[in-house]
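Novice: next input, structure requested:
(chains A and B)
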There are 2 protein chains.
Amino acid sequence: MNFNTTELDAMDDRYRAKFINSLSGFKSANLIGTTDAKGNHNLSIISSVFHIGANPPLVGMICRPHTVTRDTLENIQASGVYTINQVCVDVWKQAHQTSARYPADVSEFEESGLTPEWVDGIAAPYVAESRVKFALEVRETQTLAINGTVLMIGEIVQVIVDEEAISEDGYIDIEALETVAISGLDSYHVTNRLARLRYAKPGKNVEEI
Amino acid sequence: MNFNTTELDAMDDRYRAKFINSLSGFKSANLIGTTDAKGNHNLSIISSVFHIGANPPLVGMICRPHTVTRDTLENIQASGVYTINQVCVDVWKQAHQTSARYPADVSEFEESGLTPEWVDGIAAPYVAESRVKFALEVRETQTLAINGTVLMIGEIVQVIVDEEAISEDGYIDIEALETVAISGLDSYHVTNRLARLRYAKPGKNVEEI
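Specialist: So this is what the prediction gives:
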């Protein structure tokens, strides 16, 4: 089935949101932990975290300033620090609950039943239940003129991960850690590995690692 | 296990690339189809495609100007048009093969055994084997000062998808279409749905759809 711009424009807003959100493919499921100046904790699930570079280690995410991620965005802009915590299968429903619209002084940790975890030197809470998590300092915040969303780029300053999941070559087996994936706005998935593939070369068949 | 910035800095470059690429969570697997002024087709797998907004329908991706995605980037900058094609399980190894370093005048379609598909009005090839694919016009190209990678934002001008995968509410069941996910640099995964969850509300338990 083939949709052109006229047909995309004509879609009902909620229908279009679900449709367009499905197109980019599977998305990461991460909880963003922050704190405001009064010490209120905030936690929100975001599916737009993406890799930007390994050296320096940079991660980006897209935030919507007028939605439930508003508190997250304001806290990061004020404090300069945040944590990203992969959502694992044990807590996927609690993670989704953080997307409800709570007032700024309500902690999504308490409301969702997730546990804040503090590590010396990091001024934002981790999620204790997460098995791959990292802290970032903001390096760039940019409002995209095209639709008013905010691109936030942070540099990783600390990583916490279960040691047994780290392969000899540096790859972290996030499937073994039961990290979930998201599709569309609201669908959660666990994964089954097909294989890891070796670096591809011209004229050579693809090989499994 | 806990890594600080000194320990991250001290990692071997290849090790760090695999380690840091694992942190953001599961990633989308997409093939980017382009054409240069001489009519050479180019196809490259990219794991950095992400949703930016539904209205207007915008999708972003991160390209590295000095790697195998260089031809893709140059073609898009010259023509203004590209296709994004979800990688499904039937062709995941062929898709990986497009990441080999081929000269600009070699078609990754031919080398990987994937089939270019042309649709009237779109000046870039689709991948016939892909079951969810869309064409974009470039809206913004921006070199990120922080590491020299390029953020490319495109507006969706056409969508082609198997009709039976579109739910009543607009969600596209990309798991039913056997779209794969990527973790790290080189690990491919199929998925199993846990459930879709209703829009979360304060004080209400999370409900499956």
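Novice: what about the nearest residue in space to A:Asp36 that is not next to it in sequence, distance to chain B?
Specialist: Once flanking residues are discounted, A:Asp36 sits nearest to A:Asn75: 5.0 Å by C-beta to C-beta, 6 or more residues apart in numbering or on different chains. For the C-beta atoms, the positions are set from N, CA and C on the backbone; glycine is no exception. Distance of A:Asn75 to chain B, given as C-beta to the nearest C-beta, to the nearest Å: 19 Å.
Novice: list the contacts of A:Asn75.
Specialist: With contact taken as C-beta atoms under 8 Å, 6 or more residues apart in numbering or on different chains, A:Asn75 is in contact with A:Thr34, A:Thr35, A:Asp36, A:Asn42, A:Tyr82.
Novice: next one: A:Thr35
Specialist: A:His41, A:Asn42, A:Asn75, A:Ser79, A:Ala123, A:Ala124, A:Pro125.
Novice: coming back round to it: so the residue nearest to A:Asp36 lies in a helix, does it not?
Specialist: Yes - counting by DSSP: H, G, I helix; E, B strand; the rest coil, A:Asn75 is located in a helix.
Novice: tell me, how many residues neighbour A:Pro56?
Specialist: A count of nearby residues for A:Pro56, using other C-beta atoms under 10 Å in any protein chain shown, gives 16.
Novice: which pLDDT value goes with it?
Specialist: A:Pro56 is assigned a predicted lDDT (pLDDT) of 97.
Novice: that one touches B:Asn147, doesn't it?
Specialist: Yes - counting by C-beta atoms under 8 Å, A:Pro56 does reach B:Asn147; the two are 6.7 Å apart.
Novice: mind pulling up the pLDDT for the spatially most central residue of chain A?
Specialist: Centroid-nearest residue in chain A: A:Asn30, 3.3 Å away (criterion: C-alpha atoms, centre = their mean). pLDDT recorded at A:Asn30 is 98.
Novice: isn't it up against A:Gln86?
Specialist: Yes - when contacts are counted by C-beta under 8 Å, A:Asn30 is listed as touching A:Gln86 (5.9 Å).
Novice: which residues are common contacts for the two?
Specialist: B:Gly25.
Novice: not counting its neighbours along the chain, what's nearest A:Thr98?
Specialist: Leaving aside its chain neighbours, A:Thr98 sits nearest to A:Glu108 (4.3 Å; criterion: C-beta to C-beta, 6+ apart).
Novice: A:Gly184 reaches A:Leu23, doesn't it?
Specialist: No - here A:Gly184 does not reach A:Leu23: they are 9.2 Å apart, not a contact under C-beta under 8 Å.
Novice: find residues that contact each of these two.
Specialist: B:Ile172.
Novice: mind checking how far A:Ile174 is from chain B?
Specialist: The separation that A:Ile174 has from chain B, given C-beta to the nearest C-beta, amounts to 5 Å.
Novice: can you count the residues close to that residue?
Specialist: 27.
Novice: dihedrals phi and psi, it?
Specialist: phi -70, psi -20 (degrees, to the nearest 10).
Novice: now do the SS call for A:Met152.
Specialist: strand.
Novice: need the contact list for A:Glu175.
Specialist: Here A:Glu175 is in contact with A:Thr191, A:Asn192, A:Arg193, B:Ser183, B:Ser187, B:His189 (C-beta under 8 Å, 6+ apart).
Novice: tell me who's in contact with the fourth one.
Specialist: Residues in contact with B:Ser183 (C-beta under 8 Å, 6+ apart) are A:Ile174, A:Glu175, A:Thr179, A:Thr191, B:Ser22, B:Gly25, B:Phe26, B:Lys27, B:His189.
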